[in-house]
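Asks: My questions are about this predicted structure, shown below with the sequence.
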Amino acid sequence: MNNVVVIGGGVAGIQSAMDIANHNIHVYLIEREPSIGGHMAMLDKTFPTNDCSMCILSPKMAEISRHPNVTILTLAEVEKIVGEVGNFTVTVTKYPRYINEKECTGCGDCITICPIEVYNKFDAGIGVRKAIYKPHAQSIPNIVVKDNLHCIECGLCYGVCGKDAVLKVTEAKVETLEINASAVVIATGYSLFDPQKKSRFGYLRYPDVITSLEFERMINAGGPTTGNLRRLSNGETPKSIVFVQCVGSRDMTINRNICSCVCCMYALKNSMLIKEHYPDCEVSILYSDIRAYGKGYEEYYQRAIDAGVKIIRGLPGDVQDNGKGRLVLPVENTETAEFLNLEADLVVLSVGMIPEPETVRLAKSLGLPLDDHQFLSPADMKLDPAGTIRPGIYIAGAALAPKDIPDSVMSAGAAAMKASIDVVRSEQ
């Protein structure tokens, strides 16, 4: 049977792999993290319906984990791809979990007894995890992973595991796999802009200046604060919150003149969630342009205004501490020409999307062109947005450009159909 390799286990990769597998084609879904799910698994709600993000994603994750035509490889990275359409050889490095994957049931006894705590990447660094852990409760595969970098080999996890599934360093090794494939789909997603590059906002200088992803984890019931908003400086509930838009997007001073598509809408979504749970909290959004371009998005924008969210056209200057434990944001309302000094307990930076470094590395090794912003360039943006200059290699989701979840899913479907056609042709 001919195979297709899908690189990236976010919502685009999952959708693409599912569509291909449903055509009775075997798919290898390759994800470098311990669990599939990508950024969508980190979110609380989705716009414009405010549906639970994991309520949408979890069934997809569970379904693809049980699909007979799908092999999921986590903690794995694609090193190189050689060959041509219908006959690719994909070299994959699979890093060890230091866990017997066939024996582990994901019970969590080893997590409970582990004495070591480190910052949790899945919680965007504002929560902690153990040295042996699952990224989150709904991880797929439902298997723990031992972080050998932070493990002190105290031996407690060996003794508590009834299945003897925890392995020592000498019992596990890096594997190199070679997979034959008729087509490849690149769905490596995106990273987030580092707001330290815009020092005027005070990120990491003031603990109460956080990124939008950190806010998502905080407001998520499965996050480190179980959904309760907190100031990182003192643990108190904030009484005023300001969202700052276009941090790392539409900014010529850092050669980022690209719109990240989702920032306006997720700021509106999060502001409404605050108003829903904390009606007395003052919420303001500082913006340059509200881009509510999708179906139902303009109505969603109006709902935020009706809920009491202040929408102020203008981006702030330097964020300062007023000496009384609050942050001050000087801003000109460009609609009224009024100068304001907004005081806030919490400032949320709506950071934009940037290319995933893995995408850039793959593109260079495959000879695929990148656009001015280092996203993958399609063969033809109008006629073939899922294709590349190399037949048999396709792009899905935010590896192509910043996209929201519905657009990523549609992009994944297009890439899946093209890959499926290549398999059929190679069998003829």
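Replies: Alright, I've got the coordinates. Numbering: from 1, shown residues only.

Asks: For His391, grab the count of nearby residues.
Replies: Just to correct that, residue 391 is Pro rather than His. For Pro391, the neighbour count with other Cβ atoms under 10 Å is 14. C-beta: built from backbone N, CA, C; applies to glycine.

Asks: and it, what does it touch?
Replies: Pro391 is in contact with Glu84, Val85, Asp422, counting by Cβ atoms under 8 Å, 6 or more residues apart in numbering.

Asks: quick one: which of these sit in helices?
Replies: Asp422 (DSSP state H).

Asks: any chance of the contacts of Pro391 in JSON lines, plus pLDDT?
Replies: As requested, those are exported to JSON lines (pLDDT from 0 to 100):
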{"residue": "Glu84", "pLDDT": "95"}
{"residue": "Val85", "pLDDT": "96"}
{"residue": "Asp422", "pLDDT": "96"}
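
Asks: Tyr28 - that's part of a strand, no?
Replies: Yes: under DSSP: H, G, I helix; E, B strand; the rest coil, Tyr28 falls within a strand.

Asks: Could you tell me which residues make contact with it?
Replies: Tyr28 touches Asn3, Val4, Val5, Val6, Thr71, Leu73, Val90, Val92, Ile179, Ala181, counting by Cβ under 8 Å, 6+ apart.

Asks: Narrow these to those in strands?
Replies: Of the positions in the contacts of Tyr28, Asn3, Val4, Val5, Val6, Thr71, Leu73, Val90, Val92, Ile179, Ala181 sit in strands, assigned by DSSP state E.

Asks: For PyMOL, what selects the buried ones among those?
Replies: Buried residues within those, by 16 or more other Cβ atoms under 10 Å, are selected in PyMOL with:
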select buried, resi 3+4+5+6+71+73+90+92+179+181
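
Asks: Adding neighbour count, write the contacts of Pro391 out as TSV.
Replies: Shown next, in TSV, are those (neighbours: other Cβ atoms under 10 Å):
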residue	neighbour count
Glu84	10
Val85	17
Asp422	23
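
Asks: Out of the contacts of Pro391, flag the one nearest to Leu29.
Replies: Nearest to Leu29 among those, counting by Cβ to Cβ, is Asp422 at 17.3 Å.

Asks: and which of the contacts of Tyr28 is nearest Met61?
Replies: Distances from Met61 to the contacts of Tyr28, taken by Cβ to Cβ, are shortest for Val6, at 14.0 Å.

Asks: how much space between Tyr406 and Leu149?
Replies: Careful, residue 406 is Pro; it's not Tyr. Distance check for Pro406 against Leu149: by Cβ to Cβ, to the nearest Å, it reads 37 Å.

Asks: meant to ask about Val6, not that
Replies: Note on Val6: its distance to Leu149, by Cβ to Cβ, is 28 Å.

Asks: Repeat that for Phe243.
Replies: Applying Cβ to Cβ, the value for Phe243 to Leu149 is 35 Å.

Asks: neighbour-wise, which of the two wins?
Replies: For Phe243 versus Leu149, neighbours defined as other Cβ under 10 Å are more numerous around Phe243 (28 against 7).

Asks: Confirm for me that the more buried one is in contact with Ala344.
Replies: No: if you go by Cβ atoms under 8 Å, Phe243 and Ala344 don't touch, sitting 9.6 Å apart.

Asks: who touches both of these two?
Replies: Ser284.

Asks: circling back: dump the ones in strands among the contacts of Tyr28 into TSV; add pLDDT and distance to Ser271 as well.
Replies: What follows is those, written out as TSV (pLDDT from 0 to 100; distance: Cβ to Cβ, whole Å):
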residue	pLDDT	distance to Ser271
Asn3	96	45
Val4	98	41
Val5	98	40
Val6	98	35
Thr71	98	42
Leu73	98	39
Val90	97	43
Val92	98	42
Ile179	97	45
Ala181	97	44
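
Asks: Kindly reformat the ones in strands among the contacts of Tyr28 as CSV containing distance to Ala221.
Replies: As requested, those are exported to CSV (distance: Cβ to Cβ, whole Å):
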residue, distance to Ala221
Asn3, 39
Val4, 36
Val5, 35
Val6, 30
Thr71, 32
Leu73, 30
Val90, 38
Val92, 35
Ile179, 38
Ala181, 39
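
Asks: For Glu31, state which of the ones in strands among the contacts of Tyr28 is nearest.
Replies: For the ones in strands among the contacts of Tyr28, the nearest to Glu31 is Leu73 (7.1 Å; Cβ to Cβ).

Asks: Let's verify Val283: helix, strand, or coil?
Replies: Per three-state DSSP, the secondary structure class of Val283 is strand.

Asks: Could you do Thr49 as well?
Replies: Recorded secondary structure, Thr49: coil (three-state DSSP).

Asks: List the contacts of Lys130.
Replies: Contacts for Lys130 (Cβ under 8 Å, 6+ apart) come out as Ile111, Cys114, Ile116, Glu117, Val118.

Asks: Over to Gly125?
Replies: Tyr119, Glu214.

Asks: Now do the closest residue to Ser288 other than its chain neighbours against Arg291, distance only.
Replies: Once flanking residues are discounted, Ser288 sits nearest to Cys246: 5.4 Å by Cβ to Cβ, 6 or more residues apart in numbering. Counting by Cβ to Cβ, the gap from Cys246 to Arg291 is 10 Å.

Asks: how deep is Arg66 tucked in, by neighbour count?
Replies: Residues lying near Arg66 (other Cβ under 10 Å) number 8.

Asks: related to what we said a few turns ago, mind checking which of the contacts of Lys130 are in strands?
Replies: Using DSSP E, the subset of the contacts of Lys130 located in strands is Glu117, Val118.

Asks: of the contacts of Lys130, closest to Leu349?
Replies: Closest approach between those and Leu349, by Cβ to Cβ: Val118, at 24.3 Å.

Asks: Just the pLDDT at that closest one, thanks.
Replies: The score at Val118 is 96. That number is its pLDDT.

Asks: Alright, I will stop here.
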